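>>> Sequence and predicted model, in that order:
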Protein chains: 2
Amino acid sequence: MGEFDLIARYFKRPSREAEPGVALGIGDDCALLQPRPGMQLAISSDMLVEGRHFFPDVDPAHLGHKALAVNLSDLAACGAKPLAFTLALALPRVDEPWLAAFSHGLFALADAHGCALIGGDTTQGPLNICITVFGEVPVVSGKSQALLRSGARAGDDLYVSGTLGDARLALDALRGSISLPANVLTQARQRLEQPTPRVALGIALRGIATAAIDVSDGLLGDLRHVLKASHCGASIDTSVAIQLIASHACGKRASGQFDAEFSLQNRLNWVLAGGDDYELLFTAPASAQAAVIQAAHSSATSVTRIGRMDEETGLRLVDANGQPVSGQFASFDHFA
Amino acid sequence: MGEFDLIARYFKRPSREAEPGVALGIGDDCALLQPRPGMQLAISSDMLVEGRHFFPDVDPAHLGHKALAVNLSDLAACGAKPLAFTLALALPRVDEPWLAAFSHGLFALADAHGCALIGGDTTQGPLNICITVFGEVPVVSGKSQALLRSGARAGDDLYVSGTLGDARLALDALRGSISLPANVLTQARQRLEQPTPRVALGIALRGIATAAIDVSDGLLGDLRHVLKASHCGASIDTSVAIQLIASHACGKRASGQFDAEFSLQNRLNWVLAGGDDYELLFTAPASAQAAVIQAAHSSATSVTRIGRMDEETGLRLVDANGQPVSGQFASFDHFA
C-alpha cells in the first residue's frame, strides 16, 4: 500500500456536512481554516514517541485517542473550542490492523469534540505521532477570552479538576515497581492510556479563571510555570491534595493502614509529581467560588480547591493547619 | 540542560515588535493567531526523518533551513503569505552545537519570510522534525484566492518554476551512483539541502494561475495529483523539460556528447521524477501568458512553459513535434 492509498483508506473520511470554520480539508498542499469573525485561533502541537510516551505494545486505538487527547488538553487549558487538527505520522511499516485501530481511536475522540482532521503527513521512520490542534477563542471588546498562565493573583484560590496520580500509578505498575489488583490497574491504565481532555470545563471557565494550565508533567512542575508567568507564589494543602488519588487504589486495608509501597510520601508523590494527568490546574478569585462550582457542574467535571496563590514567591506544601510539610517531588523533564 | 532551558536558549527569541497576526507566541499552553479580517489561514504540516529525508551527517544549519523550506513551499503552492509556524522536535540527546546551528538555519529562513515560531514541542527520541506552518490567503468577494490543485482546465498552459532534477542529481552523487565535479556537486547539493520555497511567485500568481502544486515527490507524480483533482490530462514537451536540468551539470563534453550515466533517459528521469525540487508546477489560461511572465518577473523567479492541459485524461510525454516519447518514470512514495 502506498502513501496516498494509506491516507485515503485510514485518514480521509467521507465528506459530511461542511465543518464550521474549515474551508478546505485533506487533499491539497494546504488546508484552509476560516475562523469566524471575532475569533482567535488557539494552536498547540505535541509529539509522541514510542518508548518515551507510550509502550511499544500499547493498544493502537488507545494511542490514537491519547495522541489527540493531549493536544485537546492544551486547548482546554486555554478555554478554546476544538475546531480541527493535523496529523503527521512516521511509521516503521504499513501495518493495516494497527492503522485501522489507531485511526478508530483517533476519530472517536475527534468526533466527540467536533474536531476535523484537515491535513498532515505520513512517512516511513521510527514510530512518531505529531498532532497540531486548532481551536477557537472569542475576543470580546478587544480582549481575548483565552485562559493564560499569567493571570493568577495573590489571594486567588487554586483548583484542580478530576483526580491526580492515577496515570503514574499505572505506569509504575506496568513497569513492575508496584503491584495493583487487576481492577485497580484497569482503571488506572485507562487514565494513563485514554486521558479525558477537560475541554468543556476550560470553555466554562472563560471569564472566571484568572490562569490555567493542563497538568502533563506533574502538578508541582506545571504549577511552577503558572507562578513564574504570574509572578506570585502558592500554598498547597496536602491534606486535600492526597485525597485526589483514590485511596482504594492504593492498597488501603480494612484496618485503614497502607502497605509500605503506598506510604503517605509515595501517594503524595503520585499526586504532586506523577504527570500524564491531563487535568486542568487553574486559579480564580475567592469571589468567583460559586461561578467555579457552577462551571464544574455545567461541564460535569469535578473540581477541588487545593490551595491558594500567595504574594510570597515560591511553592509551599502545608497541612490542614497551614504548617509546612517537607518532601522531595520532581516533575517530568524530557531531557533532565 | 532541561527541556525548558533548551527551548529558552535555542528557540525562544527576544521579543521584537509584535508580529502581525500573532496575538501570543511561545510560552503558554497554546499560541494565539488572529488572522486579519477577510483572511483565511492556510495550514500545512511536514515531518522529516533522519535517513529518510536527510543524511545523518547533514549540516544542521541546512537541515533547519530545509525543515521550514518544505513547509513554506506548501504555502507557496497555495499562494499564501507566511505568518507563523510550530516546531516539534524529537532529539536523541541535547547536542548544543547541533541545536545552535539548526536554530540558526531555521531562523535565517523564517526571518527572510517574516514567519514567527509560535510554539511546539521537544522530546527525546530518534531525530524527527515536524513543522506546521500558517499563512494568510485573502478572500475576495466571498471567494478564496488560494491556489488549489483542482482548478486546471483543458487548454491551460502548464508551467514550472526554476530548475528540476538538481536535488536528485546531488542525492545520486552522495549515494555514489554517479560522479560529479566538485563545483557541480556543491551547487546541486545546495538545491538538495537548502531549497528555495517559491513564496513570492505563489503570491504573485493569485488570480492568474488556475491550479498549483509544489514539486516534492517528482514532477510527474505531483502533476498526477493536479490531473486527478482537475479531471483533465496533460502533455509535457520533453524537449523543453530536458533543459530544466543544467547540461553543464550533466557531464556534457566539448564535443556535445554526454557520458553514459548522463544519457537522455537519465537526465529526463532526474527532471521528471527526481523529487525534492520544491518548485511550483502550475497552470494558467493561454490568455494569461503575459500575466504569468509579469508574475515571474515581479517575484524574480524563472518560469518555463513545459506543456499543456488536455481534455483527454492521462499524461503524455511528447517531443518538439508533438510525437510521443516513451519512458518509465517513477515518482517518490514513502511506502511504495
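Noted; the coordinates are in hand.
>>> any idea whether residue A:168 is helix, strand or coil?
Classification of residue A:168 using DSSP: H, G, I helix; E, B strand; the rest coil returns helix.
>>> Tally up the residues packed near it, please.
23 (other Cβ atoms under 10 Å in any protein chain shown). (Glycine included, C-beta is placed from N, CA and C.)
>>> and the gap between it and residue B:149?
According to Cβ to Cβ, to the nearest Å, residue A:168 stands 47 Å off from residue B:149.
>>> and if you look at residue A:29?
From residue A:29 to residue B:149 the distance is 7 Å (Cβ to Cβ).
>>> And the two? Which one has more around it.
Between residue A:29 and residue B:149, residue A:29 has the larger neighbour count (other Cβ under 10 Å), namely 27 against 24.
>>> tell me which parts of the stretch 51-200 of chain A are close to chain B?
Remark: the part of the stretch 51-200 of chain A in contact with chain B comprises A:51-53, A:74-75, A:77-78, A:80, A:86-91, A:94, A:118-126, A:128, A:130, A:132, A:134-135, A:137, A:139, A:144, A:146, A:148-150, using Cβ under 8 Å from any Cβ of the partner chain.
>>> could you point out where the stretch 151-300 of chain A is predicted with low confidence?
A:247-248, A:251, A:253-254 (pLDDT under 70).
>>> I should have written the stretch 1-150 of chain A there, sorry.
For the stretch 1-150 of chain A, the stretches with pLDDT under 70 are A:14-18.
>>> Tell me which stretches of it form helices.
A:3-10, A:60-78, A:96-112 (DSSP state H, counting those that start in this stretch).
>>> what's the most buried one of those?
Between the helices of the stretch 1-150 of chain A, helix A:60-78 has the highest mean count of neighbours, a mean of 26, where neighbours are mean count of other Cβ atoms under 10 Å in any protein chain shown.
>>> helices or strands next to that one in the packing?
Applying 3 or more Cβ pairs under 8 Å, 6 or more residues apart in numbering or on different chains; DSSP states H and E, we find helix A:60-78 packed against strand A:39-49, strand A:81-91, helix A:96-112, strand A:128-140, helix A:182-193, helix A:199-204, strand A:211-215.
>>> from these, which stretch is densest packed?
Of those, strand A:211-215 is the most buried (mean count of other Cβ under 10 Å), at a mean of 28.
>>> do it and chain B meet at all?
Yes: Strand A:211-215 comes into contact with chain B (Cβ under 8 Å from any Cβ), by way of A:212-214.
>>> Show me what counts as buried in whichever helix or strand comes after that strand.
Next along the chain after strand A:211-215, taking DSSP states H and E as the criterion, comes helix A:219-230. By neighbour count with 16 or more other Cβ atoms under 10 Å in any protein chain shown, helix A:219-230 contains the buried residues A:219-227, A:229-230.
>>> just stretch A:300-309 next, same as before
Across stretch A:300-309, burial judged by 16+ other Cβ under 10 Å covers A:301, A:303-309.
>>> wait, which of these is closest to residue B:206?
Taking Cβ to Cβ as the measure, residue A:301 is the one of the buried residues of stretch A:300-309 closest to residue B:206, at 45.7 Å.
>>> Let's see the pLDDT reported for that closest one.
Turning to residue A:301, the model gives it a pLDDT of 97.
>>> does the residue located most distally from the centre of chain A count as helix, strand or coil?
When distances are taken from the C-alpha mean of chain A, residue A:255 lies farthest, 35.1 Å away, according to Cα atoms, centre = their mean. Following three-state DSSP, the label given to residue A:255 is coil.
>>> Geometric centre of chain A: which residue is closest?
Within chain A, and using Cα atoms, centre = their mean, the residue nearest to the centre is residue A:278, at 2.3 Å.
>>> got the contact list for it?
Neighbour list for residue A:278: A:69-70, A:73, A:195-198, A:214-216 [criterion: Cβ atoms under 8 Å, 6 or more residues apart in numbering or on different chains].
>>> phi, psi of the closest residue to chain B within the stretch 101-250 of chain A?
Distances between the stretch 101-250 of chain A and chain B by Cβ to the nearest Cβ are smallest at residue A:125, namely 3.4 Å. The phi and psi values for residue A:125, taken as degrees, to the nearest 10, are phi 170, psi 180.
>>> and it, how many neighbours does it have?
Residue A:125: 21 surrounding residues under other Cβ under 10 Å.
>>> Would you agree it is in contact with residue B:128?
Yes: if you go by Cβ atoms under 8 Å, residue A:125 and residue B:128 touch, sitting 6.7 Å apart.
>>> Show me the common contact partners of these two, please.
A:90, B:47, B:49-50.
>>> what's near enough to touch the nearest residue to residue A:302 once chain neighbours are set aside?
Once flanking residues are discounted, residue A:302 sits nearest to residue A:162: 6.0 Å by Cβ to Cβ, 6 or more residues apart in numbering or on different chains. Neighbouring residues of residue A:162 by Cβ under 8 Å, 6+ apart: A:196, A:198, A:277, A:279, A:301-302.
>>> I'd guess residue A:173 is in a helix, am I close?
Yes: the assignment for residue A:173 is a helix, going by three-state DSSP.
>>> For it, which non-adjacent residue is spatially closest?
Excluding its sequence neighbours, the residue lying closest to residue A:173 (Cβ to Cβ, 6+ apart) is residue A:180, at 4.6 Å.
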